[in-house]
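>>> Return a 3D structure for these sequence lines:
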Amino acid sequence: MPVIAILIDLITCASYFFQLHSTPSQSLYLLGMILQAFFALILLIIAFTYSGKKFARIQPHLFYRVVSIRYGIILVSTFINGAVLFLYVLNYLGINDVVFFNF
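Next up is the predicted model:
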């Protein structure tokens with residue numbers, strides 16, 4: 001499942017760069033937002049249904065647990081895609097265009 005999360009990240013990254021370097025249009029941004037929402041939902045489902053090892057074998061501290069590398073990849077991917085989805089929504093609503101700002 002971490003490989004699936006990495007592949008989803010590559011697909012969403014390619015989609016973002018395609019939208020960044022094409023002519024700006026609301027329909028293209030809407031399509032990208034729908035694609036991002038779809039993949040963020042898939043990653044959220046993967047994060048909750050992951051049946052592998054969630055925590056590392058060695059726990060260095062008493063009050064919190066360290067996640068395994070595989071589960072950490074899934075969690076970080078889910079968090080980043082959720083944050084990018086939030087930026088897509090802000091851009092689509094016209095509140096903030098930081099995600100597609102010309103640099």
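>>> Next, the buried residues of stretch 18-30.
For stretch 18-30, burial by neighbour count (16 or more other C-beta atoms under 10 Å) applies to 19, 29. C-beta coordinates here come from the backbone N, C-alpha and C atoms, glycine included.
>>> let me fix that: stretch 87-103
For stretch 87-103, by 16+ other C-beta under 10 Å, it's 87-88, 91-92, 99-100.
>>> could I get those residues as a markdown table with distance to Ile45?
A markdown table is the format used below for those (distance: C-beta to C-beta, whole Å):
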| residue | distance to Ile45 |
| --- | --- |
| Leu87 | 21 |
| Tyr88 | 19 |
| Asn91 | 25 |
| Tyr92 | 23 |
| Val99 | 24 |
| Phe100 | 27 |
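>>> Return the member of those nearest to Leu43.
Nearest to Leu43 among the buried residues of stretch 87-103: Tyr88, at 14.8 Å, using C-beta to C-beta.
>>> need the contact list for the closest one.
Contacts for Tyr88 were tallied using C-beta atoms under 8 Å, 6 or more residues apart in numbering; they are 29, 32-33, 36, 99.
>>> Okay, the residue nearest to the spatial centre of the chain and Lys53: tell me how far apart.
In the chain, the residue lying closest to the centroid (C-alpha atoms, centre = their mean) is Asn81, at 1.5 Å. The gap separating Asn81 from Lys53 is 23 Å, by C-beta to C-beta, to the nearest Å.
>>> now Leu31
In terms of C-beta to C-beta, Leu31 sits 37 Å off from Lys53.
>>> one step back: show me what the mean pLDDT comes to for the helix or strand harbouring the residue nearest to the centre of the chain.
Asn81 belongs to helix 69-93 when assigned by DSSP states H and E. Mean pLDDT, computed over helix 69-93, is 94.
>>> So Gly82 sits against Ala40, correct?
Yes. Counting by C-beta atoms under 8 Å, Ala40 is a contact partner of Gly82 at 5.4 Å.
>>> More neighbours: which of those two?
Neighbour count, other C-beta atoms under 10 Å: between Gly82 and Ala40, Ala40 has more, with 23 against 15.
>>> Model confidence score at the residue of the chain positioned farthest from its centre, please.
Distance from the C-alpha centroid of the chain, by C-alpha atoms, centre = their mean, peaks at Leu62 (30.4 Å). pLDDT, Leu62: 73.
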